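Enquirer: Sequence isn't available, so here's the structure alone:
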């Protein structure tokens, strides 16, 4: 339940509660409680509920339909894992395209239970929350929200991220290499906010991705939630029979 005396923000606590409810009780495309019903059930304000639902949208757990309500997205359910260390910048360069990154948000926040579990850190640990719009040849391709441990990357600044690829910063400025990256993805539909950022049609198709990157010491140095336009972005997987 919500602990109003906790140092963790109310909307982060609500995110964790709703994620658990989605994972244990609801099915893909099932309608969720209304904002008013969530307010009454958990004794929180409408503002808190809206912040939590917005975060769940970013995580790929829910999608909204104007005039119809909020529904459980496909990414909330278990999918086939594909292991691949992915760099948007390198991929675009190899394709002969000019990569570009726009930093939309950068701030130190305290990890909620979901992020803590994904990164293997204590609840309330300081992490950088970084939201970026990724473009290629001027075309919006992907929106990424990354969580990076402050402990491993002291002094990381927005100005550096705006000028230099994140993995290059890890390697050259902090001597940290991504040794292993676990990634999963599934098909979904864009939210209104995502469609606006990606200059795509409302309810357009997209890929939702989760990536967990580890260094040589098996410490998570990046957890990223991404939304990619499916009309501009594809994953190619080769299966080789031994």
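Expert: The structure has been received and is ready for your questions. Keep in mind it's a predicted model, so treat the numbers as computed, not measured. Numbers count the residues shown, from 1 in each chain.
Enquirer: Which elements pack onto the lengthiest helix in the chain?
Expert: With residue count as the measure and DSSP state H as the assignment, the chain has helix 10-25 as its longest helix. Helices and strands touching helix 10-25, by 3 or more Cβ pairs under 8 Å, 6 or more residues apart in numbering; DSSP states H and E, are helix 35-42, helix 46-59, helix 113-119. Using the backbone N, CA and C atoms, a C-beta is placed for each residue, glycine as well.
Enquirer: Lowest mean pLDDT across those, which one is that?
Expert: Per-segment mean pLDDT for these reaches its minimum on helix 46-59, at a mean of 89.
Enquirer: Distance-wise, check residue 18 relative to residue 105.
Expert: Computed as Cβ to Cβ, to the nearest Å, the residue 18 to residue 105 distance reads 21 Å.
Enquirer: Comparing those two, which shows the higher neighbour count?
Expert: Regarding residue 18 and residue 105, a neighbour count based on other Cβ atoms under 10 Å identifies residue 18 as having more, with 23 against 10.
Enquirer: Tell me the spacing between the closest residue to residue 122 other than its chain neighbours and residue 132.
Expert: Taking Cβ to Cβ, 6 or more residues apart in numbering as the measure, residue 122 lies nearest to residue 116, with 6.4 Å between them; neighbours along the chain are not counted. Using Cβ to Cβ, one obtains 22 Å as the distance from residue 116 to residue 132.
Enquirer: tell me the contacts of the residue nearest to residue 122?
Expert: Remark: with contacts taken as Cβ atoms under 8 Å, 6 or more residues apart in numbering, residue 116 is in contact with 122, 123, 124, 125.
Enquirer: same check, this time on residue 142
Expert: Taking Cβ under 8 Å, 6+ apart, we find residue 142 in contact with 88, 133, 134, 198, 226, 227, 228, 229, 233.
Enquirer: would you list every one of the helices in this structure?
Expert: In chain order, the chain shows helices spanning 10-25, 35-42, 46-59, 88-94, 113-119, 158-163, 166-174, 192-197, with DSSP H as the criterion.
Enquirer: which stretch among those comes nearest residue 221?
Expert: helix 166-174 (6.7 Å; Cβ to Cβ).
Enquirer: Mind giving me the packing neighbours of the closest one?
Expert: Helix 166-174 makes packing contacts with helix 158-163, strand 220-229 when contacts are defined by 3+ Cβ pairs under 8 Å, 6+ apart.
Enquirer: State the distance from the nearest residue to residue 68 once chain neighbours are set aside to residue 41.
Expert: Beyond its immediate neighbours in the sequence, the residue positioned closest to residue 68 (Cβ to Cβ, 6+ apart) is residue 31, lying 8.0 Å away. The gap separating residue 31 from residue 41 is 15 Å, by Cβ to Cβ.
Enquirer: what does residue 201 give?
Expert: 34 Å.
Enquirer: can you check residue 105 too?
Expert: Plainly put, residue 105 is 29 Å away from residue 41 if you go by Cβ to Cβ.
Enquirer: now swap in residue 153 and tell me
Expert: As for residue 153, its distance to residue 41 is 38 Å (criterion: Cβ to Cβ).
Enquirer: Pop the domain breakdown of the chain in here.
Expert: Dividing the chain into domains by the TED database, as the record does, gives the ranges 10-72, 88-229.
Enquirer: Let me have these in a markdown table, adding distance to residue 2 as columns.
Expert: Below are the domains of the chain laid out as a markdown table (distance: least, Cβ to Cβ, whole Å):
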| stretch | distance to residue 2 |
| --- | --- |
| domain 10-72 | 5 |
| domain 88-229 | 12 |
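Enquirer: pretty sure residue 205 is in contact with residue 194, am I right?
Expert: No: with contacts counted by Cβ atoms under 8 Å, residue 205 stays clear of residue 194, the gap being 11.4 Å.
Enquirer: The two - which one has more neighbours?
Expert: Residue environment comparison for residue 205 versus residue 194 gives the larger neighbour count to residue 194, 24 against 13, counting by other Cβ under 10 Å.
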